[in-house]
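Visitor: Dropping the sequence and predicted coords here.
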There are 4 protein chains.
Amino acid sequence: MAKSRQEYVKNFEVHSTILPSTWMVARLDGNSFTKFCETHGFVKPNDIRALSLMNEAAIYVCKQLPDIVVAYGQSDEYSFIFSKKSNVYGRRIEKILSIVISMFTSAYVYNWNRFFDIPLQHPPVFDGRIVCYPNDEIMMDYMRWRQADCHVNNLYNTIFWAIVHSGKTTTEAHEQLKGSTSAVKNERLFTEFGINYNNEPEIFRKGTALIKPLYEPTHEDVFKEEFYRNHGIIE
Amino acid sequence: MAKSRQEYVKNFEVHSTILPSTWMVARLDGNSFTKFCETHGFVKPNDIRALSLMNEAAIYVCKQLPDIVVAYGQSDEYSFIFSKKSNVYGRRIEKILSIVISMFTSAYVYNWNRFFDIPLQHPPVFDGRIVCYPNDEIMMDYMRWRQADCHVNNLYNTIFWAIVHSGKTTTEAHEQLKGSTSAVKNERLFTEFGINYNNEPEIFRKGTALIKPLYEPTHEDVFKEEFYRNHGIIE
Amino acid sequence: MAKSRQEYVKNFEVHSTILPSTWMVARLDGNSFTKFCETHGFVKPNDIRALSLMNEAAIYVCKQLPDIVVAYGQSDEYSFIFSKKSNVYGRRIEKILSIVISMFTSAYVYNWNRFFDIPLQHPPVFDGRIVCYPNDEIMMDYMRWRQADCHVNNLYNTIFWAIVHSGKTTTEAHEQLKGSTSAVKNERLFTEFGINYNNEPEIFRKGTALIKPLYEPTHEDVFKEEFYRNHGIIE
Amino acid sequence: MAKSRQEYVKNFEVHSTILPSTWMVARLDGNSFTKFCETHGFVKPNDIRALSLMNEAAIYVCKQLPDIVVAYGQSDEYSFIFSKKSNVYGRRIEKILSIVISMFTSAYVYNWNRFFDIPLQHPPVFDGRIVCYPNDEIMMDYMRWRQADCHVNNLYNTIFWAIVHSGKTTTEAHEQLKGSTSAVKNERLFTEFGINYNNEPEIFRKGTALIKPLYEPTHEDVFKEEFYRNHGIIE
């Protein structure tokens, strides 16, 4: 078809790409999820239905984009790690980001009813970014960073909600926990609330990893290099 | 909370921003929509349910992000134009793109059942990009480019499907139309199929514009500068 | 000639370009120039030889790159403004930046002996950047910003060195000037040192503008829109 | 000092940085050097004065910027490789590029008279770029690529100028060499012109590497990994 006189506006498009031979990571997070969790009555500190739905949506993304070699999720976030060798969508940042975000959101809403009885009250929203890591060591540190974050937040949230469920206000709970170490939190959980933190479900403590090619959820420790070696993520 | 040893990986994040005082445009398109349309039995050449659902999702995006001064949609694409003065999300490309895409996709799936009887068979996916235009004239040319594209494609599709519905194969229809001018297509539509193209619904011929603050669908001509002036899009 | 096995490393090159239809500005500054000025005995507060050499180098750049419509220099910095319509070097940032910097540095060293009796003691270095401005108003504000900077610094330096030349230390001079307004500085210059600031040479107070096509130095006020209109810089 | 009303234009500056933990390479090339070589009577195929001046200028750059671990030059180009760990100028692309280019150009002009009797006729210009390589293997391939380029070009130029100096036109020389292999060129050089290519000076055949910390010129083979290991460039 004939080109229009306005076709020149295409020249303003920029196609930023990710440096070749580096690990591409697409991470997404729930946007305004505090309100979304309240509206839909998410159980605190962890809602197994919500985590399972996150995993379901992430598995859908992985199966559509087989250059993803591992994905890791916790709370309302998910990271998708593409092979260093991947040339998916010419490594174009906006294309990869928008497709990952759209697939995930779409699968999340599509599968909502399989995990929740309460109907979706309004559309959930995620935001995301693309980051690239130049070598295996730094990519593994990225994974460790997210799992350390999962651990720190979950320990905090576990005792925080135990305190709140025991009758304190959230302000009081925050006040009590200010500056307390992990050891102190563990001890208090056990003596005051009878919770042995190490017996908490692994999905809460470790988050979820999805590994190529089947992408079945696992809750392994991603700190050790063996994890990556055993699953063929690094050579 | 204590910083983890892996916190340094945050330094690899890049926050690209859009040049201040320029028009930011987020455009999204259906990804693999040929298959999606077939699976869900979209009427050809235009399915009013599908277009209405696109508009519904776009209105949701506009209402969430009031820095959008005008949006324009046709077929399986939508463009959202943010005010030159907008500082939404610090004008960060990945944040804006991911949120627009996620909101749109989420609202599309969420509202599916209000427009289609057939249940959604699999999650629909959109991809997107951000482009920036330095001045009013070029922003208006962008809008004209998309509406010219709507016109050219719709005229083609209207006669193409008329030929196919009359019993020809799609290959034959393409063959017949090769190189034919708009005038010839208009004439043939009228004489062979009794279709006066100018009487076709405006939503098909012109696409849909959503204008701040109410974002009610309109099918105006976006070629004239008055359109932008009358609606307070440009000063 | 045959491609080598290593040719693939070219794929790591990125060619960032400046948004079309915007004003491109290349600004360079003397790098470690405090030491360079001392080593070569630059007269304080202003060395007319040094400023003339800066202008000579800048004129050379302008004549080589006729898409430069105006350049502005003061102290050890120079800004080159390329036409909005320029497609020089495909608007590639690194190409334009490196060529402007190299031309300027080369012409500066090449012409040194025409302005200074003292031989060059070591190679002078400049650093630079490319900035783009989306419309005429902001480009003019950029020019005004640099000329305002020239004025503020020159008024300060004029009285600062008058104090120092009268026998005070530089620390004492800084101390005396802390927080003083322009009015106070003007008054003190006149009453204590007999200097009517407005009679100081224009090249010191206003800096230098070079205007296409002859690029002859002028010391006009760049605050007024007439400056740009009269010289055909804007339409 | 008081901020001016125009200070906001600073917000249009963008500070692109090179991904951390990657090899940064700044490469510069003579711009319009065919003409520059002719004007200054450069000897063909290789002018030892010109190559020595290139090396002198490159050594100056290396000594100013000790994060450069190795530099490689041939013909009118030079590459500077910064340590993966370098944080020079916050890894800002424009800052690093402009300073390397300016230093090199400045030292080239400054030292001209030490290598050439003919005075400089006009300022020489170089252009440049920054590329980043994510790991040691690719950085080494970059070096190999430049040295392979040196070899291929030098073999060609050696026989090309031998033919020209024997009385043919440049067109005839090009014609004769079209499609000839390296083996054929080597053979012809020996039988027709009595030149054993392997006895040509190493600086012509291999180019020049400058290695931290002394940056003394060497003409080693940069193909072997030992080169990098022995000189502490990689671990």
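Guide: Noted; the coordinates are in hand.
Visitor: Which residues of chain A lie near chain C?
Guide: Counting by C-beta under 8 Å from any C-beta of the partner chain, the residues of chain A close to chain C are A:11-12, A:14, A:17, A:19-20. All C-beta atoms are positioned from the backbone trio N, CA, C, and that covers glycine.
Visitor: Show only the entries of the residues you listed found in helices.
Guide: Nothing among those maps onto helices, per DSSP state H.
Visitor: Skip the chain neighbours and tell me the closest residue to the residue of chain A found nearest chain D.
Guide: Closest to chain D within chain A is A:P134: 3.9 Å, counting by C-beta to the nearest C-beta. In space, and not counting its chain neighbours, A:P134 is closest to D:P134: 3.9 Å by C-beta to C-beta, 6 or more residues apart in numbering or on different chains.
Visitor: Wait, the one you found touches D:P20, no?
Guide: No: D:P134 lies out of contact with D:P20 (C-beta atoms under 8 Å); the separation is 10.8 Å.
Visitor: if you count what's nearby, which of the two comes out ahead?
Guide: The residue with more neighbours, out of D:P134 and D:P20, is D:P134; 24 against 18, by other C-beta atoms under 10 Å in any protein chain shown.
Visitor: Derive a PyMOL selection command for the buried subset of the residues of chain A next to chain C.
Guide: The following PyMOL line selects those of the residues of chain A next to chain C that are buried, judged by 16 or more other C-beta atoms under 10 Å in any protein chain shown:
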select buried, chain A and resi 12+14+17+19+20
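Visitor: Enumerate every residue touching the closest residue to A:E225 other than its chain neighbours.
Guide: Leaving out its chain neighbours, the residue that sits closest to A:E225 by C-beta to C-beta, 6+ apart is A:M140, at 6.7 Å. Listed by C-beta atoms under 8 Å, 6 or more residues apart in numbering or on different chains, the contact set of A:M140 reads A:222, A:225, A:228, A:234.
Visitor: Narrow those residues to just the buried residues.
Guide: A:222, A:228, A:234.
Visitor: I'd assumed A:Y60 was in a strand, is it?
Guide: No: under DSSP: H, G, I helix; E, B strand; the rest coil, A:Y60 sits outside any strand and is assigned helix.
Visitor: ok, for it, nearest residue in space, not its chain neighbours?
Guide: Closest residue in space to A:Y60, ignoring its immediate chain neighbours: A:A107 at 3.9 Å, by C-beta to C-beta, 6+ apart.
Visitor: circling back to that earlier point, among the contacts of A:M140, which one lies nearest to chain B?
Guide: Distance to chain B, by C-beta to the nearest C-beta, is smallest for A:V222 among the contacts of A:M140, at 10.9 Å.
Visitor: Just to check, that closest one is in contact with A:G73?
Guide: No: applying C-beta under 8 Å as the test, A:V222 and A:G73 come out as separate, 11.5 Å apart.
Visitor: now the helices for chain A?
Guide: With helices called from DSSP H, chain A shows them at A:33-39, A:48-64, A:93-115, A:136-165, A:170-177, A:182-193, A:202-206, A:225-230.
Visitor: how near is A:L177 to A:R188?
Guide: As judged by C-beta to C-beta, to the nearest Å, A:L177 and A:R188 stand 9 Å apart.
Visitor: anything in contact with each of these two?
Guide: Residues within reach of A:L177 and of A:R188 at once, by C-beta under 8 Å, 6+ apart, are A:I159.
Visitor: A:N46: neighbouring residues, count only.
Guide: Residues contacting A:N46 under the criterion other C-beta under 10 Å number 20.
Visitor: Then A:D141?
Guide: Each residue near A:D141 was counted by other C-beta under 10 Å, and the total is 20.
Visitor: residues contacting it?
Guide: A:D141 neighbours (C-beta under 8 Å, 6+ apart): B:5-6, B:8-9.
Visitor: Go again with 10 Å.
Guide: By C-beta atoms under 10 Å, 6 or more residues apart in numbering or on different chains, A:D141 lies in contact with A:133, A:135, A:148, A:223, B:4-9.
Visitor: Flag the shaky bits of chain A, pLDDT-wise.
Guide: Chain A contains residues with pLDDT under 70 at A:1-3.
Visitor: Report the central residue of it.
Guide: For chain A, the residue lying nearest the average C-alpha position, counting by C-alpha atoms, centre = their mean, turns out to be A:Y78 (2.1 Å).
Visitor: is it true that that one touches A:D29?
Guide: Yes: in this structure, A:Y78 is within contact of A:D29 by C-beta atoms under 10 Å, at 8.3 Å.
Visitor: Mutual contacts of these two, please.
Guide: Residues touching both A:Y78 and A:D29 (C-beta under 10 Å, 6+ apart): A:126, A:128.
Visitor: Give me the common contacts of A:V222 and A:G73.
Guide: Joint contacts of A:V222 and A:G73 (C-beta under 10 Å, 6+ apart) are A:146, A:150, A:207, A:209.
Visitor: Compare these and tell me which is most surrounded.
Guide: The most crowded member of these, judged by other C-beta under 10 Å, is A:G207 (28 neighbours).
Visitor: contacting residues for it?
Guide: With C-beta under 10 Å, 6+ apart, A:G207 has these contacts: A:51, A:54-55, A:72-75, A:77-79, A:143, A:146-147, A:149-151, A:154, A:217, A:219-220, A:222.
Visitor: out of everything not next to it in sequence, what's closest to it?
Guide: Excluding its sequence neighbours, the residue lying closest to A:G207 (C-beta to C-beta, 6+ apart) is A:Q74, at 3.4 Å.
Visitor: tally of neighbours for A:G194?
Guide: 8.
Visitor: how much space is there between A:Q64 and B:F104?
Guide: A:Q64 sits 18 Å away from B:F104, taking C-beta to C-beta as the criterion.
Visitor: And these two? Which one has more around it.
Guide: For the pair A:Q64 and B:F104, the greater number of neighbours falls to B:F104 (25 against 16), based on other C-beta under 10 Å.
Visitor: A:I195 and A:K44, how far apart?
Guide: Applying C-beta to C-beta, the value for A:I195 to A:K44 is 14 Å.
Visitor: nope, A:R114 is what I was after
Guide: Relative to A:K44, A:R114 is positioned 22 Å away (C-beta to C-beta).
Visitor: Who has more neighbours out of the two?
Guide: Neighbours per residue (other C-beta under 10 Å) separate A:R114 from A:K44, with A:K44 holding more: 14 against 10.
Visitor: do you know how far the more buried one is from A:A173?
Guide: Distance of A:K44 to A:A173, given as C-beta to C-beta: 11 Å.
Visitor: Likewise for A:P201?
Guide: Distance, A:P201 to A:A173, by C-beta to C-beta: 22 Å.
Visitor: just A:V69 next, same as before
Guide: Applying C-beta to C-beta to A:V69 and A:A173 gives a distance of 40 Å.
Visitor: Looking at those two, which one has more neighbours?
Guide: Neighbours were tallied for A:V69 and for A:A173 using other C-beta under 10 Å; the higher tally belongs to A:V69 (24 against 18).
Visitor: ok, the more buried one touching A:F82?
Guide: Yes: applying C-beta under 10 Å, one finds A:V69 in contact with A:F82, separated by 7.1 Å.
Visitor: Residues that sit against both of these two, list them.
Guide: A:W23.
Visitor: if we can go back for a sec, just to check, the residue nearest to A:P134 is in contact with A:P20?
Guide: Yes: at 7.9 Å, D:P134 counts as touching A:P20 under the criterion of C-beta under 10 Å.
Visitor: any common contacting residues for these two?
Guide: Common neighbours of D:P134 and A:P20 (criterion: C-beta under 10 Å, 6+ apart): A:84, A:132, C:12.
Visitor: Within reach of chain D, which of those residues are there?
Guide: A:84, A:132, C:12 (C-beta under 10 Å from any C-beta of the partner chain).
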